[in-house]
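J.: Fold the following.
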Amino acid sequence: MTTQGNGQLVMAIDTASPTASVALGNENGLLAETSWNVETTISKELLAQIDLLLSTSNTDRHALSALAICIGPGSYGSLRAGIATVQGIALALDVPLAAIPRLEADAAPYLINSPEKSTVVAIHNAGRVGIAWAAYTFSQDSDLLIELVPPSITSLDECVMNAPQDAMWCGEIPELLTNTLAQSNRTDDVIAAPMDHVRAVTILELARKRNNYDDPALASALYLRPPSITRPKPKQATSNTR
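T.: This next block holds a predicted model:
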């Protein structure tokens, strides 16, 4: 199996949210990309979109020398289905797979394109369990993102309390964030304007920069909380008395 992705033809896939995407590129940059809103099942639609992208870019799938996948956090079903599908493709083609976290991919465009802010907090609405978030900065020396606060799930208040000061916030921004920042006297923080970027394109670039292509079997979804497990109810003792 090839273990080097740089200088080769790489495809990146993202299925962490209802808007999925696929991108194709090499050392010279982006060759093709597509994104769509998932309407049926991600496994079925993903394979069709991959075939379409390869066809429209006149690319034989056997020319791919590496793959990259977003490992979340995100929607449980679509995330796992996307990872499993891409692992199957990588194993079939005997090529390595790079695993890229979603929050890092969401923060990257703002750090690279917004030099006025050296810290970015990327957040994802995890529903009733809270806010998934992480903080990053960018190293000019290594040309890589540096993780300041690792991904975790907390309440919005805890997120604002523990996030680095003077930060730019991006991702799935909850409506309460502005008020929460103001109440915490974080007047130097900025909520980023939505950026029209395809996540798979950023994943493609991060995989190239990090060069973390590895055995496809090692890629796994990034879960920030343990799975919900319901303890079995104790059996009621049966009585023989009448």
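J.: Just checking: what are the partner strands of the longest strand seen in the chain?
T.: For the chain, the strand that runs over the most residues, judged by DSSP state E, is strand 144-154. The strands beside strand 144-154 in its sheet (DSSP bridges) come out as strand 131-139 (antiparallel).
J.: Report the separation between the closest residue to Ile112 other than its chain neighbours and Ala219.
T.: Excluding the flanking residues, the one nearest Ile112 by CB to CB, 6 or more residues apart in numbering is Phe138, at 6.5 Å. All C-beta atoms are positioned from the backbone trio N, CA, C, and that covers glycine. Phe138 sits 25 Å away from Ala219, going by CB to CB, to the nearest Å.
J.: same check, this time on Val201
T.: Val201 is 19 Å from Ala219, by CB to CB.
J.: Pull out the buried residues from the helix ranked longest in the chain.
T.: Scanning the chain for the longest helix, with DSSP state H as the assignment, gives helix 76-93. Within helix 76-93, the residues that count as buried by 16 or more other CB atoms under 10 Å are Ser78, Leu79, Arg80, Ala81, Gly82, Ile83, Thr85, Val86, Gln87, Ile89, Ala90, Leu93.
J.: so what are the domain limits for the protein?
T.: 10-102+198-218, 103-191 (automatic domain parsing).
J.: thinking again about what came up before, how far does the longest strand of the chain sit from its chain's centre?
T.: 12 Å (CA atoms, centre = their mean, to the nearest Å).
J.: ok, now stretch 73-89?
T.: For stretch 73-89, the distance to the chain centre is 11 Å (CA atoms, centre = their mean).
J.: if you average pLDDT over that stretch, what comes out?
T.: The pLDDT scores in stretch 73-89 average 93.
J.: pull the CA atoms of that stretch into CSV?
T.: Extracted C-alpha coordinates of stretch 73-89, given in CSV (Å, rounded to 0.1, in the frame of the first residue of the first chain):
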residue,chain,number,x,y,z
PRO,A,73,-18.0,15.2,15.0
GLY,A,74,-21.3,15.2,13.1
SER,A,75,-24.4,13.2,12.4
TYR,A,76,-23.9,9.7,13.7
GLY,A,77,-25.4,7.8,10.8
SER,A,78,-24.1,9.7,7.9
LEU,A,79,-20.7,10.1,9.5
ARG,A,80,-20.2,6.4,10.0
ALA,A,81,-21.7,5.5,6.6
GLY,A,82,-19.3,7.9,4.9
ILE,A,83,-16.3,6.6,6.7
ALA,A,84,-17.2,3.0,6.0
THR,A,85,-17.8,3.7,2.3
VAL,A,86,-14.5,5.5,1.9
GLN,A,87,-12.7,2.8,3.8
GLY,A,88,-14.1,0.3,1.4
ILE,A,89,-13.0,2.3,-1.6
